[in-house]
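Participant: got a predicted structure plus its sequence, pasted below:
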Amino acid sequence: MPTYVYRATTGGCRFCKDSFDQKQGINEAPLTKCPECGTPIERVICVPFLKTGRSDKSVLSDSNLKKHGFTKLMNEGGGKFRKTP
Ligand SMILES: [Zn+2]
């Protein structure tokens, strides 16, 4: 079952403000509201390089991300992300 990342579109509570993980089946409709506070939420696409045609490995390498000013976030689960150095 894939895990999707959601984030409040405006405001939100502690649970949804920064983003949280939600396990969902492929055929399940995406969530539209935070299960905790009911704030409208959106599904977040974490990888911004999907259409470059290059391999994920080189595109997402730390040096390449740094060069372009991106910070790679490691998903620690439970909606928490850790910045890689
Ligand atoms: Zn919330």
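Facilitator: Looks like it arrived, so ask away. Numbers count the residues shown, from 1 in each chain.
Participant: which residues does the closest residue to Glu36 other than its chain neighbours contact?
Facilitator: Using CB to CB, 6 or more residues apart in numbering and skipping residues adjacent in sequence, the residue nearest Glu36 is Phe15, 4.2 Å away. In short, each C-beta sits where N, CA and C put it, glycine included. Neighbour list for Phe15: 34-37, 79 [criterion: CB atoms under 8 Å, 6 or more residues apart in numbering].
Participant: does Phe15 count as helix, strand or coil?
Facilitator: At Phe15 the chain is in coil, as set by DSSP: H, G, I helix; E, B strand; the rest coil.
Participant: the closest residue in space to Gly78 that isn't next to it in sequence in helix, strand or coil?
Facilitator: Spatial nearest neighbour of Gly78, excluding adjacent residues (CB to CB, 6+ apart): Asp21 at 6.8 Å. Following three-state DSSP, the label given to Asp21 is strand.
Participant: quick check: beta-bridge partners of Asp21?
Facilitator: With DSSP bridges applied, Asp21 shows beta-bridge pairing to Val5.
Participant: rank the contacts of Phe15 by pLDDT and give me only the lowest.
Facilitator: pLDDT across the contacts of Phe15 is lowest for Gly79, at 70.
Participant: which residues does that one contact?
Facilitator: Contacts of Gly79 (CB under 8 Å, 6+ apart): 5, 15, 18-21.
Participant: among these, which ones are buried?
Facilitator: Taking 16 or more other CB atoms under 10 Å as the criterion, what is buried in those is 5, 15, 19-21.
Participant: please list which of those residues also come close to the ion.
Facilitator: Subset of these in contact with the ion: Phe15, counting by CB under 5 Å from the ion.
Participant: looking at the buried ones among the contacts of Gly79, spot the one nearest Arg43.
Facilitator: Val5 (7.1 Å; CB to CB).
Participant: thinking the closest one is in contact with Leu31, fair?
Facilitator: No - applying CB atoms under 8 Å, one finds Val5 not in contact with Leu31, separated by 10.8 Å.
Participant: so what sits against both of the two?
Facilitator: Common neighbours of Val5 and Leu31, using CB under 8 Å, 6+ apart, are 22, 43.
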